[in-house]
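K.L.:
Have a look at this fold, sequence not included:
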Ligand SMILES: Nc1ncnc2c1ncn2[C@@H]1O[C@H](COP(=O)(O)OP(=O)(O)OP(=O)(O)O)[C@@H](O)[C@H]1O
């Protein structure tokens, strides 16, 4: 279980998060939406343990937490296979074993055998993000934190990769907390959708959800959610001025 209770965190220009209460249980997929700049990435940092709250409490009771970012952050000199196996190498796993595990995951995520030896510069953006996701899954996390992991991808590819990731996390019973600006993504992946207010963020809605696949069902549910004022506010484009 990951739990945040009464969490506050400020930067020089005031509080970013204030009074955040949020729990993520084993094996559940929680989508996090909120206005631009409200503190979603900061919240993931607290969950990952890279930041500490100034008030309140963050408890991460999961054994292994892995992270996927919006951009792949791969080692440019290493092959797709070595990038995917990076966490396993760091953990001391022998070369043959780590390559076998990384290869199996890369192939399930849609990489062809011929691509495994290629460096990131020779891969498409979609393939690079598959490698980044494989790197996170290879360490067999029980909590996966993802910060807009599909937002740089084309719409068709996005839906394909969302379905593949959902199959992987459901297969392994991984809990997921992911940030998105795309309500259809939240609907495709989430068991719960948590909505944050503008900065300083707090939780303004915590909505039960059921992961959906059929496009008509996804769009119907997305429209229903967008009719909720908190959701519409969370996904509105940033005000210009
Ligand atoms: N290290 C930092 N120092 C100072 N301010 C920061 C720092 N990191 C983030 N902020 C500020 O905190 C606020 C929240 O940032 P954060 O990246 O968590 O928001 P976000 O909801 O993920 O944004 P977006 O939706 O645009 O990705 C922003 O106003 C940002 O400028």
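P.N.:
Thanks, I have it. It should be emphasised that the depicted structure is a prediction, and the values quoted were computed from it without experimental measurement.
K.L.:
so where's this structure shaky on pLDDT?
P.N.:
Applying pLDDT under 70 to the chain flags the ranges 239-241.
K.L.:
Find the helix or strand that the residue most central in space within the chain is a member of.
P.N.:
The centroid of the chain falls nearest to residue 146 when counting by Cα atoms, centre = their mean (1.7 Å). Here residue 146, judged by DSSP states H and E, is contained in strand 143-147.
K.L.:
ok so, going back, OK, contacts around the residue nearest to the centre of the chain?
P.N.:
67-68, 176-179 (Cβ atoms under 8 Å, 6 or more residues apart in numbering). Using the backbone N, CA and C atoms, a C-beta is placed for each residue, glycine as well.
K.L.:
all helices of the protein, in order?
P.N.:
When secondary structure is read from DSSP state H, the chain shows helices at 40-48, 80-84, 86-90, 95-108, 125-138, 155-172, 183-189, 215-226, 229-235.
K.L.:
Can you mark which positions in the fourth one are buried?
P.N.:
Buried residues in helix 95-108, counting neighbours by 16 or more other Cβ atoms under 10 Å, are found at 98-99, 101-103, 105-106.
K.L.:
buried ones in stretch 204-222?
P.N.:
For stretch 204-222, using 16+ other Cβ under 10 Å, the buried residues are 204-205, 207, 209, 211-212, 218, 221-222.
K.L.:
Could you point out which of the contacts of residue 146 is nearest to residue 28?
P.N.:
Comparing those against residue 28 with Cβ to Cβ places residue 176 closest, at 7.6 Å.
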